[in-house]
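# using only what follows, build the 3D model:
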Amino acid sequence: MGAHHSHQPRHSSAEDPSGLHRLALLVIAPLAVLTLVAMVWLWPDPLPTPDGQSRLPEVTGTVTGLERVECEEELPDEVNGCGTAYVALDDDSVEGAPRSGELEAPLPNGPGAPELAEGDGVILISTETPDGITWAVVDHQRGSQLWMLALAFVVALVAFGRLRGVTALVGLGVTFLVLVLFVVPAILGGDPPLLIAIVGSAAVALTVLYLTHGFTPSTSVAVLGTLAALALTGLLSALAVATMHLTGFTDDLSAALGQTYAVNMEGLLLAGIVIGSLGVLDDVTVTQAATVAELSRANPEYRGRDLYRAGSRVGRSHIASVVNTIVLAYAGSSLPLLILIVANNDGLGNVLTDQIVAQEIVRSLVATIGLVAAVPVTTALAALSARGRW
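Numbers count the residues shown, from 1 in each chain. Okay, the predicted model is just below:
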């Protein structure tokens, strides 16, 4: 008798006793079609090169020697001191390069200047002057190091995750392509950033979740929970940004972006909140759906309400840790600006209400509210899907 009862719920769950999976697909399918149509409609045209803003050509080479001399005057931001760097070009056919393939460049100094040593791979730019072409070292080459780190990442993910690791890599590739080919060019092309972010995030959620976790009732539940929380996050972020009069202009970089490319910086702030929330949302919704599914298999006597209560307890613990993760992630990304603000302001109230800090607070709080909403919605849908009764 015991064996019979433990088998029956599994069988019922596999056949979707509540019909919730079929109902979810009836909701998800039109949303997927709508997302596809919106992407086609909003797909950006190739971006033209801005007039008068051609980037200086970069060349690569290897430092073969450093000749240091005593500085005639004190440098305000000394990195390498005074002298000359001798660089052998990787491609000696570069226009203006010496026939020997080795050129001379002054040692770079100033904030962010690369600290040079013999054997370093470097990047240089050339500038035409009345006295001829001059060269300047602007950065280190780091392509090979990045490839090695990426290889280590792939090996670790596949070794531990196996097939799931492979599908996770494919999903990561899809996310990258959506951002690079659709979201960023569309925003630069003048389309509303919030709309672009919602459409792009929906495309990522609909594609990556199924690709990574399979076409199962649990995945469909996670997709519904993610899309619902994304919609709520978009609405709350728009309301918060409007009521607090946040403009998105917080530093020289954002000002240059808004002035040079005419990007709607307020909309870009909203887009950043939505896209930033997606990465944590799908983690929470997938975890909740999988947790309820495992509880259902482990406790065949549990009803839907029992699964919901048990799953909610797990969700509360998850949210408590994720909230701290969100705040620290946003604080870490803007730490230099936070330090500068604190150094220039005495009162805590002035620091918290400064637009830069207020912007990060809005990001954290809105994302957290979206996460909190995602837990009960996803858990309830997963409990109904697993049992078919409350």
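
# report the beta-bridge partner residues of residue 129.
residue 132 (DSSP bridges).

# okay, it: pLDDT?
Residue 129 carries a pLDDT score of 78 in this model.

# cool, and residue 352?
Residue 352 is given a pLDDT of 63.

# also residue 54?
45.

# can you pull the contacts of the spatially closest residue to residue 197 that is not a sequence neighbour?
Nearest residue to residue 197, sequence neighbours excluded (C-beta to C-beta, 6 or more residues apart in numbering): residue 271, at 3.5 Å. In this view, the C-beta of every residue, glycine as well, is placed from N, C-alpha and C. By C-beta atoms under 8 Å, 6 or more residues apart in numbering, residue 271 lies in contact with 183, 187, 193-194, 196-197.

# now flag whichever of those is closest to residue 329.
residue 197 (17.6 Å; C-beta to C-beta).

# I'd guessed that closest one sits against residue 276; true?
No. Using C-beta atoms under 8 Å, residue 197 is not in contact with residue 276; the gap is 9.6 Å.

# looking at the two, which is more packed in?
Ranked by neighbour count (other C-beta atoms under 10 Å), residue 197 and residue 276 place residue 197 first, with 28 against 21.

# would you pull up how far the helix or strand hosting the more buried one lies from the middle of the chain?
According to DSSP states H and E, residue 197 maps onto helix 193-213. Between the centre of helix 193-213 and the centre of its chain there are 12 Å (C-alpha atoms, centre = their mean, to the nearest Å).

# so what does it touch, helix or strand wise?
With contacts taken as 3 or more C-beta pairs under 8 Å, 6 or more residues apart in numbering; DSSP states H and E, helix 193-213 sits against helix 20-42, helix 163-177, helix 184-188, helix 217-243, helix 265-298.

# got the CA coordinates for the second one in CSV?
What follows is the C-alpha trace of helix 163-177 in CSV, where atoms were taken according to Å, rounded to 0.1, in the frame of the first residue of the first chain:
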residue,chain,number,x,y,z
LEU,A,163,25.4,18.4,-19.9
ARG,A,164,23.8,21.2,-17.8
GLY,A,165,27.1,23.0,-17.9
VAL,A,166,27.1,22.8,-21.7
THR,A,167,23.5,24.1,-22.0
ALA,A,168,24.4,26.9,-19.5
LEU,A,169,27.3,28.0,-21.8
VAL,A,170,24.9,28.0,-24.8
GLY,A,171,22.4,30.0,-22.7
LEU,A,172,25.2,32.5,-21.8
GLY,A,173,26.0,32.8,-25.5
VAL,A,174,22.4,33.6,-26.3
THR,A,175,22.2,36.2,-23.6
PHE,A,176,25.4,37.8,-24.9
LEU,A,177,24.1,37.9,-28.5
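
# buried residues in it, which are they?
165, 167-169, 171, 174-175 (16 or more other C-beta atoms under 10 Å).

# residues in contact with that helix?
154, 157-159, 161, 204, 207-208, 211-212.

# now with 7 Å?
154, 157-158, 161, 204, 207-208, 211-212 (C-beta atoms under 7 Å, 6 or more residues apart in numbering).

# which one of those residues sits in the busiest neighbourhood?
residue 204 (25 neighbours).

# that one and residue 325, how far apart?
20 Å (C-beta to C-beta, to the nearest Å).

# how about residue 308?
On the measure of C-beta to C-beta, residue 308 and residue 325 end up 25 Å apart.

# more crowded one of these two?
More neighbours surround residue 308 than the other of residue 308 and residue 325, with 24 against 11 (other C-beta under 10 Å).

# just checking, that one touches residue 378?
No. Counting by C-beta atoms under 7 Å, residue 308 stays clear of residue 378, with 10.5 Å between them.

# hmm, who's touching stretch 208-218?
16, 20-21, 167-168, 170-171, 174-175, 219, 222-223, 226, 282, 286, 289-290, 293, 382, 385.

# ugh, typo on my part, it should be stretch 112-129
Outside stretch 112-129, the residues touching it (C-beta under 7 Å, 6+ apart) are 56-66, 79-80, 85, 87, 96, 105, 107-108, 133-141.

# try it again with 6 Å
56, 58-60, 62-63, 79-80, 85, 96, 133-141 (C-beta atoms under 6 Å, 6 or more residues apart in numbering).

# residues near residue 61, how many?
Neighbour tally, residue 61, other C-beta under 10 Å: 27.

# repeat that for residue 151.
10.

# coming back round to it: farthest pair within the contacts of residue 271?
183 and 194 (11.4 Å).

# mind saving the C-alpha coords of stretch 368-384 as PDB?
Output of stretch 368-384 as PDB, limited to C-alpha atoms (Å, rounded to 0.1, in the frame of the first residue of the first chain):
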ATOM      1  CA  THR A 368      14.400  43.200  -4.200                       C
ATOM      2  CA  ILE A 369      10.700  43.900  -4.400                       C
ATOM      3  CA  GLY A 370      10.500  42.100  -7.700                       C
ATOM      4  CA  LEU A 371      12.300  39.100  -6.200                       C
ATOM      5  CA  VAL A 372      10.000  39.100  -3.200                       C
ATOM      6  CA  ALA A 373       7.000  39.000  -5.500                       C
ATOM      7  CA  ALA A 374       8.500  36.300  -7.600                       C
ATOM      8  CA  VAL A 375       8.800  33.800  -4.700                       C
ATOM      9  CA  PRO A 376       5.100  33.400  -3.800                       C
ATOM     10  CA  VAL A 377       3.900  33.500  -7.400                       C
ATOM     11  CA  THR A 378       6.400  30.900  -8.600                       C
ATOM     12  CA  THR A 379       6.000  28.700  -5.400                       C
ATOM     13  CA  ALA A 380       2.200  28.700  -5.700                       C
ATOM     14  CA  LEU A 381       2.200  27.800  -9.400                       C
ATOM     15  CA  ALA A 382       4.800  25.100  -8.800                       C
ATOM     16  CA  ALA A 383       2.700  23.600  -6.000                       C
ATOM     17  CA  LEU A 384      -0.400  23.500  -8.100                       C
END
